[in-house]
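Colleague: here is a sequence with its predicted model. Questions after.
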Amino acid sequence: MPDIDERSTPSLMSDLVAQVTELVRKEIQLLRAEMNEKTTQVVIALGSILAAVVFVLTALNVLAAALVAALTNAGIPAAWSAVIVGGALAIVAVILANRGIANLKAQSLAPERTARAAMRDVGMVKEKV
């Protein structure tokens, strides 16, 4: 292979175009891989939200009546028993939903590695040109 000083400008430009093309192709592959990971993160977050809904519905259907009855038997008026049980279940639901929603924030879904790699590549291309 001839020394870089001996190569013609068209040959150097051809190599640069080929290398930049390959670099862009690799960056697109990295973006696709990272977006697949982020898609998995979204699916898991949606699963958390769905689990929260299932938990709330199950808890409301199975435990609410029993807890209200237990509190009523303990001497608390039935209405207050229902408020206490409903409030506790609502708090659990809010915690689970917030966890799922936090995992869906746009910031946590951004392709960070691809952006860092692209910035490095831009710097490298600028140095070569």
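Modeller: Right, received. Where do you want to start?
Colleague: any stretches of this protein with poor pLDDT?
Modeller: 1-5, 106-110, 128-129 (pLDDT under 70).
Colleague: ok, longest helix in the chain?
Modeller: helix 9-62 (DSSP state H).
Colleague: after that helix, next one along is what?
Modeller: Once helix 9-62 ends, the next helix or strand along the chain (criterion: DSSP states H and E) is helix 64-73.
Colleague: I would like the residues contacting that next one, please.
Modeller: With contact meaning CB atoms under 8 Å, 6 or more residues apart in numbering, helix 64-73 is reached by 78, 80, 81, 82, 84, 85, 86, 89. (Each C-beta comes from the backbone N, C-alpha and C, glycine too.)
Colleague: identify each buried residue in that helix, please.
Modeller: Neighbour counts over helix 64-73 (16 or more other CB atoms under 10 Å) mark 64, 67, 68, 71 as buried.
Colleague: distance of the second one relative to residue 54?
Modeller: Between residue 67 and residue 54 the distance, using CB to CB, to the nearest Å, works out to 19 Å.
Colleague: run the chain-centre distance for the longest helix of the chain.
Modeller: 9 Å (CA atoms, centre = their mean, to the nearest Å).
Colleague: tell me the helices and strands packed up against it.
Modeller: helix 78-102, helix 106-109, helix 112-128 (3 or more CB pairs under 8 Å, 6 or more residues apart in numbering; DSSP states H and E).
Colleague: tell me the most buried of the ones you listed?
Modeller: Comparing the helices and strands packed on helix 9-62 by mean neighbour count (mean count of other CB atoms under 10 Å), helix 78-102 comes out on top with a mean of 14.
Colleague: what's the angle from it to helix 9-62?
Modeller: Relative orientation of helix 78-102 versus helix 9-62 (axes from the mean of the first three to the mean of the last three CA atoms, to 10 degrees): 170 degrees.
Colleague: mind listing residues that contact helix 78-102?
Modeller: In contact with helix 78-102 (CB under 8 Å, 6+ apart) are residues 45-46, 48-49, 51-52, 55-56, 59-60, 63-64, 67-72, 76, 108.
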